[in-house]
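J.: Dropping the sequence and predicted coords here.
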Amino acid sequence: MLHSAPSSSFHHTTTLHPSPSPSLLSASSPSSSRHAWLPLRHFSFQTPPLRTHNHFALTSPKALKVNCSTSEPLKIMISGAPASGKGTQCELIVQKFGLVHISTGDLLRAEVAAGTEIGNKAKEFMNSGRLVPDEIVTAMVAARLSREDAKQRGWLLDGYPRTSSQAESLEKMQIRPDLYIVLDVPDEILIDRCVGRRLDPVTGKIYHLKFFPPESEEIKARLVTRPDDTEEKVKSRLEIYKQNAEAASSSYSNITKKIDGSRSKEEVFKEVESSLSQLQQSKGKILKSGGTEIQRTLEKSILDTKKGSGSSSQDKWRGIPTRLNNIPHSREIRQYFYDDVIKATQRAVDDGKTRLKVDINIPELNPEMDVYRIGTLMELVRGLALSFADDGKRVKVCVQGSMGEGALAGMPLQLAGSRQILEFMDWGDYGAKGTFINIGSIGAAEVEEQDDLYILVAPQNAVGNCIIDDLRAMTNAAEHRPVILINARLKDLPGSSGIMQTMGRDQRLKYAASFESCYFFRLLYYAGTQYPIMGAIRMSYPYRYELYKRVDDPSGKEKYVILSTFLERPTTDEINDAFEGKPRNETRKGSGICVALFCRGFLSGIF
Ligand code: AP5
């Protein structure tokens, strides 16, 4: 059996044969090739063929845009589903950063092409889309990482680790990356990419019949298809990837940068490049200062990504806070969520959105439960209002007044006294209240010419009374000015004689759905329970819905690990599927706030 013996000096003894000779790989040659499985005239196991496109024309450190010798070399892992674009991005990374690209897929294909004992064993697994046994792959990776070029130039590990046991092997060998990149691409795109992929056996370049067609008929004629790129095998590879992805990546959650890989390869690379450049700069500084800047840079870069596209406008996001079931929440947790809501809402308003809603359901703000803390809600509203007032906008904060007549007159219990609280709150030392901030109620009469923006505090139907007519009148009067609903509850409530459930229901729902979510946060629980927390959904405009799983790491600390992202708010079924690692279909068209409610599997019927 193959094995590798770790050593502290990072040299490994291994029984893996044949072993490529370090001397045959110059700094200018590629460490691997995407077409290495092909029995080519240029091919030998010791000397993988040179790729001839631009980046391999780099022959000296001077030619590299980044001179790695002045800073500690980068150690990067790149992961993602089959055809998520790992190989494509690796080509670009090598071109720009000169790292040694180590792709387990390429190494294995090279063994297969060379007809080695390992290759013969691996072939059967690879052709059927299954994972090659860990011990084979681990020995190969360890041997390759221990070579001098990887130590000198830094490395880019592609497609490894793919299982928890592979990740553990690396940990045991004390091999850890600086950054763990995950390319996130929806399933249907992946299948398209795989089936259309073609490789050039002469240059090693990756083409796609639709997205990156070959430059000439001559190249087109020689292109080949990978044996594992049939639709059926891709689906099976994808399934295997999903089963293992979380376990394989969990050791790296604090250095993970998730990147939306569904965009053009140039856009994806822009984000990759920016992270790597920042990281490299920090490493250079670290050598001089011995400081911790790399960690800060890394965190910033990860935060950018977690928000979706690397925008620096989200750079304060620090992952989901823990201990959310403990209430009251600490000041830090509350502040954390206020900041998150404010940033998302400001981005939406800056983008010209005028009908917005914020749904934040941390336990202290969950209107469905008894712990609806009016103080927390008011603090959030104050923070949001002041943030717009700071920009010179005149904000009207509105709480609905009493509705209905006679015996049915009243307001929802949760809002009782809230207008008074708003009036008495500390609105800062600069006289904002009465100038840039005004307090009002809900209705067309509240809309005044000088107002720039309206924040409506938890508008909701009360038993027997519907707020929607007042709301509609107010939004009509507000015209193009932004109206932001905070934790609105516009669903129907039982009314006397069942009137509210039927009359005008369609219009009510349509109106409610006309508000676009700019912030959404909700904890997920197992069916029928409110403990422990199973995970969370977060959406912060303009980014996708993010689905997180709460996990307890071996030290007993809890953390939230991202499972998936969605263009629209995921249904209960989609959440269950993501938790079970099943593939998903992103073609669903959502209907705004009205999402079908099914309680399937272990997840509570949360919607
Ligand atoms: P491997 O070769 O690593 O396959 P994979 O992980 O399935 O990834 P792919 O190479 O298919 O895709 P990619 O993400 O590199 O995408 P690409 O850039 O080519 O592994 C193969 C097999 O080896 C495994 O199934 C397993 O058997 C074995 N193996 C490997 N590692 C192992 C391990 N650690 N343990 C056990 N077994 C292991 O892009 C795909 C296509 O999309 C191309 O046509 C490209 O042109 C196009 N494309 C790329 N980016 C874009 C974009 N942004 N827009 C449009 N098109 C794009």
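T.: Ah, there it is.
J.: At the contact with the ligand, which residues of this protein appear?
T.: 80, 82-88, 103-105, 108, 125-126, 129-132, 137, 159-160, 162, 166, 193, 196-197, 206-208, 211-212, 228, 237, 264-265, 268 (C-beta under 6 Å from any ligand atom). C-beta coordinates here come from the backbone N, C-alpha and C atoms, glycine included.
J.: Which residue does this structure have closest to the ligand?
T.: Gly105 (2.0 Å; C-beta to the nearest ligand atom).
J.: doesn't that residue fall inside a strand?
T.: No: going by DSSP: H, G, I helix; E, B strand; the rest coil, the assignment for Gly105 is helix, not a strand.
J.: and the nearest residue to it once chain neighbours are set aside, what does it touch?
T.: Spatial nearest neighbour of Gly105, chain neighbours left out: Gly159 (5.1 Å); criterion: C-beta to C-beta, 6 or more residues apart in numbering. Going by C-beta atoms under 8 Å, 6 or more residues apart in numbering, Gly159 touches Ile78, Ser79, Lys86, Ser103, Thr104, Gly105.
J.: List just the nearest of those to Ser330.
T.: For these, the minimum distance to Ser330 (C-beta to C-beta) is 34.0 Å, reached by Ser79.
J.: Distance from stretch 567-579 to the middle of the chain?
T.: Counting by C-alpha atoms, centre = their mean, to the nearest Å, stretch 567-579 is centred 15 Å from the centre of its parent chain.
J.: now do stretch 338-354
T.: With C-alpha atoms, centre = their mean, you get 19 Å for stretch 338-354.
J.: buried stuff in that stretch?
T.: Neighbour counts over stretch 338-354 (16 or more other C-beta atoms under 10 Å) mark 338, 340-349, 353-354 as buried.
J.: follow-up on the earlier one: local confidence estimate at the residue nearest to Gly105?
T.: pLDDT, Gly159: 93.
J.: and what of Pro30?
T.: For Pro30, the model assigns a pLDDT of 35.
J.: do the same with the one 3 residues further on
T.: Looking at Ser33, its pLDDT stands at 42.
J.: Let's see which of the buried residues of stretch 338-354 end up in helices.
T.: Tyr338, Asp340, Val341, Ile342, Lys343, Ala344, Thr345, Gln346, Arg347, Ala348, Val349 (DSSP state H).
J.: dump the residue contacts of the nearest residue to the last one once chain neighbours are set aside.
T.: Sequence neighbours aside, Pro482 is the residue nearest to Val349 in space, at 5.2 Å (criterion: C-beta to C-beta, 6+ apart). Neighbour list for Pro482: Val349, Lys353, Thr354, Arg355, Leu356, Asp452, Leu453, Tyr454 [criterion: C-beta under 8 Å, 6+ apart].
J.: mind giving me CSV with the residues you listed and columns for pLDDT and distance to Tyr531?
T.: As requested, those are arranged in CSV below (pLDDT from 0 to 100; distance: C-beta to C-beta, whole Å):
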residue, pLDDT, distance to Tyr531
Val349, 94, 37
Lys353, 94, 36
Thr354, 95, 39
Arg355, 96, 36
Leu356, 96, 32
Asp452, 95, 43
Leu453, 97, 39
Tyr454, 97, 37
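J.: Which pair of those residues spans the longest distance?
T.: Between any two of the contacts of Pro482, the greatest separation by C-beta to C-beta is 15.1 Å, found for Arg355 and Asp452.
J.: Run through the strands of the stretch 51-200 of the chain in chain order.
T.: 75-80, 100-103, 155-158, 179-184, 197-199 (DSSP state E, counting those that start in this stretch).
J.: What helices and strands are in contact with the first one?
T.: When you say that, I think you mean strand 75-80. Counting by 3 or more C-beta pairs under 8 Å, 6 or more residues apart in numbering; DSSP states H and E, the packing neighbours recorded for strand 75-80 are helix 86-97, strand 155-158, strand 179-184, helix 231-249.
J.: now do the shortest one
T.: Identification of packing neighbours for strand 197-199 by 3+ C-beta pairs under 8 Å, 6+ apart yields strand 206-208.
J.: Toward the C-terminus, what is the element adjacent to the strand it packs on?
T.: Downstream of strand 206-208, the first helix or strand assigned by DSSP states H and E is helix 217-222.
J.: Which residues does that following helix contact?
T.: Asp200, Pro201, Val202, Tyr207, Pro213, Pro214.
J.: which one of those has the most neighbours?
T.: Using other C-beta atoms under 10 Å as the neighbour test, these are led by Asp200, with 22 neighbours.
J.: Am I right that it is in contact with His208?
T.: No: when contacts are counted by C-beta atoms under 8 Å, Asp200 is not listed as touching His208 (11.8 Å).
J.: low-confidence ranges in the stretch 51-200 of the chain?
T.: Residues of the stretch 51-200 of the chain meeting the criterion pLDDT under 70: 51-71.
J.: wait, what's in contact with Ile442?
T.: Contacts for Ile442 were tallied using C-beta under 8 Å, 6+ apart; they are Cys398, Val399, Gln400, Gly401, Leu456, Pro459, Ile467, Asp470, Leu471, Met474.
J.: Going by distance to Ala142, which of the residues you listed wins?
T.: Nearest to Ala142, judged by C-beta to C-beta, of the contacts of Ile442 is Leu456 at 59.8 Å.
J.: so what's the closest one up against?
T.: Cys398, Val399, Gln400, Ile442, Leu471, Met474, Val483, Ile484, Leu485, Ile486, Ala488.
J.: Touching, the last one and Asn461? I think so.
T.: So the one you mean is Ala488. No: checked against C-beta under 8 Å, the pair Ala488 and Asn461 is beyond contact range at 9.7 Å.
J.: looking at it, the residue of the chain closest to the ligand is touching Tyr160, isn't it?
T.: No: taking contacts as C-beta under 8 Å, Gly105 lies outside contact range of Tyr160: 9.2 Å.
J.: Please say which of the two ends up with more neighbours.
T.: It is Tyr160, of Gly105 and Tyr160, that has more neighbours when counted by other C-beta under 10 Å, with 25 against 22.
J.: Buried ones in the helix ranked longest in the chain, by neighbour count?
T.: In the chain, taking DSSP H as the definition, the longest helix is helix 265-289. Residues of helix 265-289 classed as buried by neighbour count (16+ other C-beta under 10 Å): 265, 268-269, 271-273, 275-280, 282-284, 286.
J.: Looking at those, which is nearest Arg153?
T.: Gln280 (12.2 Å).
J.: Let me know the pLDDT of the closest one.
T.: The per-residue pLDDT reported for Gln280 equals 84.
J.: how close does it sit to Asp573?
T.: 43 Å (C-beta to C-beta, to the nearest Å).
J.: and what of Arg237?
T.: 24 Å.
J.: the more surrounded of those two?
T.: Arg237 (22 against 16).
J.: what's the span of stretch 456-473 from first residue to last?
T.: The first and last residues of stretch 456-473 sit 13 Å apart, counting by C-alpha to C-alpha, to the nearest Å.
J.: For Glu546, see how far away the closest residue to Met425 other than its chain neighbours is.
T.: Closest residue to Met425 apart from its sequence neighbours, by C-beta to C-beta, 6+ apart: Arg382 at 5.9 Å. Taking C-beta to C-beta as the measure, Arg382 falls 27 Å from Glu546.
J.: Confirm Gln507 sits in a helix?
T.: Yes: per three-state DSSP, Gln507 lies within a helix segment.
J.: so what's it up against?
T.: Contacts of Gln507 by C-beta under 8 Å, 6+ apart: none found.
J.: Please determine how far it is located from Thr572.
T.: Distance, Gln507 to Thr572, by C-beta to C-beta: 26 Å.
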